[in-house]
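*Asks:* kindly generate the corresponding structure for this input.
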Amino acid sequence: MQRRKNRRYLIEKEKPEDDSKFIKQINELSENLFYISETDAEIRPFVGKKAEAVTGEEILSQLGKVKEKPPIEEGEFFELFGQLTEIQDWFGDEEKETAEKFKKLKDYLEKNLKDIKVFKIGKIELDLYVVGLGAGGKLMGIQTKAVET
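*Replies:* Model prediction:
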């Protein structure tokens, strides 16, 4: 029995380290990278709590916005990142570099999360979350802002 408790402690102890590693990696990958809509917004890591599934209700619950009932729209991960990573004919070096940075971020999220979804919360000035389930079953991903008129 004692051995089990120690084992549980080690597993719990490792989770914050995993969170820190994820946060550090997202911060590195998103350095000088901005989500561009009608405003430029920085991209930050998001680490929530354990969840059974990646749903709009769950994200609102973890953000403490259930009572507010803001509009929430669910989108596709590959659709969002397809727009951010696709190289256009008119791209210069800077745009190509930005698309490559978004590709690296996309690849990292795909490798470390499952059931990744995009959630836009609000109207006009939106909170944008790209989240999935991490190894410990927590909601994890990135967050940013967008302005859509």
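*Asks:* low-confidence regions, the chain specifically.
*Replies:* 1-17 (pLDDT under 70).
*Asks:* please enumerate the strands of it.
*Replies:* For the chain, applying DSSP state E gives strands covering 34-36, 40-42, 44-50, 72-76, 114-121, 125-133, 138-147.
*Asks:* Lys65 is nearest to which of these?
*Replies:* Nearest to Lys65, of all these, is strand 114-121, at 7.1 Å by Cβ to Cβ. Every residue, glycine included, has its C-beta placed from N, CA and C.
*Asks:* touching, Ile72 and Leu60? I think so.
*Replies:* Yes. Ile72 is within contact range of Leu60, at 6.4 Å (criterion: Cβ atoms under 8 Å).
*Asks:* now the common contact residues for the two.
*Replies:* Residues touching both Ile72 and Leu60 by Cβ atoms under 8 Å, 6 or more residues apart in numbering: Ile121.
*Asks:* still on that earlier bit, quick one: closest of the strands of the chain to Ile23.
*Replies:* When the strands of the chain are compared by Cβ to Cβ, strand 44-50 sits nearest Ile23, at 4.5 Å.
*Asks:* quick one: that closest one to strand 125-133, angle?
*Replies:* 60 degrees (axes from the mean of the first three to the mean of the last three Cα atoms, to 10 degrees).
*Asks:* tell me the strands beside strand 44-50, with direction?
*Replies:* strand 138-147 (antiparallel) (DSSP bridges).
*Asks:* just the CA atoms of the partner strand, as CSV, please.
*Replies:* Coordinates of each C-alpha in strand 138-147 appear next as CSV, following Å, rounded to 0.1, in the frame of the first residue of the first chain:
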residue,chain,number,x,y,z
LYS,A,138,-6.3,18.2,-19.1
LEU,A,139,-7.6,20.7,-21.6
MET,A,140,-4.5,22.3,-23.1
GLY,A,141,-3.6,24.4,-26.1
ILE,A,142,-3.3,28.0,-27.1
GLN,A,143,-5.4,31.1,-26.6
THR,A,144,-5.5,34.4,-28.5
LYS,A,145,-7.9,37.2,-29.4
ALA,A,146,-9.6,38.0,-32.7
VAL,A,147,-11.7,40.8,-34.0
